[in-house]
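1. Any chance you could fold what I've pasted below:
(one chain, ligands or ions: 1)
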Amino acid sequence: TTERGERVWKLSDFDVGKALGKGKFGHVYLARERESGFICGLKVMFKEEMRKHKVEKQLRREVEIQTHLRHPNILRLYGYFHDEKRIYLILEYAAQGEMFKLLQKKIRFSEAEAANVGIRGFYIAQMANALKYLHSKHVIHRDIKPENLLLDTEGRLKIADFGWSVHSPNNRRQTQCGTLDYLPPEMVESRDHNETVDLWSLGVLTYEFLVGIPPFEDLRGEKATYIRIAKVDLHIPPFVSPEAGDLIKKLLQYDGAKRLPLDKVLTHPWIVKHVDDPM
Ligand SMILES: Cn1ncc2ncnc(NCCc3cnc(NC(=O)Nc4cccc(C(F)(F)F)c4)s3)c21
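-> The predicted structure is shown next:
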């Protein structure tokens, strides 16, 4: 056991099953802890790969942040271990997988689904609850996007992958890899940023749920997307209801201080209106 009397895990403690997903630094597998039969996700990452991208510090911060978080809409990180070549994260298993796949299959959600705040339901209200909890601990996720949103057996949303989370306020930045689509102006311009970056991403997510593509996507490439983000070049299609459009506009504000606070998101007419819509 560790100095704090915690159990030290090793790979042979688990039966490893099917691959659940392939991330940038490694794969996630379904696994069962042999003694207890407990089902979990096991993310396997290669030390060599982590060293090459100088992300060890980030991973330590993720583990530090995640092991202190307890919220129904935040995927648990139970612990980690390593062997000679690999690092393993022991994760809560989200049986319905990535929201991203659901989004692709459905093209876009009905307004009722996107806002629905029922227990089975979705997305924006549960996100706001999870972010409210995170921000109360001065943690910002900074990488809110469909790929990092998972669904458990009941279809309850789980925010995952705190690989980019930090304590707020923050100005240091390692070049963010992957899509720019979800980054706010202050991050694409590498300026100081705080919790309100997650409000921007919530606005991007709401737009994408209803329209099917992110608001500033520009097929001409990253630079064009960057320019659209910095200009807040937002066009809300006519099929989006005025209430939904109003919420999106109030979250996609250039100035972080002007973005709708989470308490106001949860009482916004568009969210409240759908509170008892059938799924
Ligand atoms: C797909 N899928 N389907 C079902 C299911 N159930 C559970 N989990 C799944 N997927 C894994 C979700 C993750 C949660 N936490 C993560 N954390 C992480 O990947 N951290 C991380 C990695 C590499 C580098 C860094 C660093 F150093 F750059 F910070 C940080 S990934 C599932």
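
2. The closest residue to the ligand within the stretch 101-250 of the chain: neighbour count?
-> Here the residue of the stretch 101-250 of the chain nearest the ligand is residue 163; by C-beta to the nearest ligand atom that distance is 2.9 Å. In short, each C-beta sits where N, CA and C put it, glycine included. When counting by other C-beta atoms under 10 Å, one arrives at 19 neighbours for residue 163.

3. Test my guess that it contacts residue 59.
-> Yes: contact criterion C-beta atoms under 8 Å: residue 163 and residue 59 qualify, at 7.0 Å.

4. Quick one: find the helix or strand in this structure with the lowest mean pLDDT.
-> One helix or strand of the chain scores below all others by mean pLDDT, DSSP states H and E: helix 111-115, with a mean of 62.

5. check contacts around the residue of the stretch 101-250 of the chain closest to the ligand.
-> Counting by C-beta atoms under 8 Å, 6 or more residues apart in numbering, residue 163 touches 55, 58, 59, 62, 143.

6. give me the subset of the residues you listed touching the ligand.
-> 55, 58, 59, 62 (C-beta under 6 Å from any ligand atom).

7. Please, which helix or strand holds the residue of the stretch 101-250 of the chain closest to the ligand?
-> Assigned by DSSP states H and E, residue 163 belongs to no helix or strand.

8. distance of it from residue 63?
-> Note on residue 163: its distance to residue 63, by C-beta to C-beta, to the nearest Å, is 10 Å.

9. what's the spacing between the residue lying closest to residue 38 once chain neighbours are set aside and residue 59?
-> For residue 38, ignoring the flanking residues on the chain, the nearest one in space by C-beta to C-beta, 6 or more residues apart in numbering is residue 32 at 6.9 Å. Distance, residue 32 to residue 59, using C-beta to C-beta: 24 Å.

10. same question, residue 145
-> Residue 145 is 19 Å from residue 59, by C-beta to C-beta.

11. more neighbours, those two?
-> Neighbour count, other C-beta under 10 Å: between residue 145 and residue 59, residue 145 has more, with 20 against 17.

12. And the next helix or strand past the least confident helix or strand of the chain?
-> Of the helices and strands lying after helix 111-115 in sequence (DSSP H and E), the nearest is helix 123-136.

13. average pLDDT for stretch 130-141?
-> Stretch 130-141 comes out with an average pLDDT of 93.
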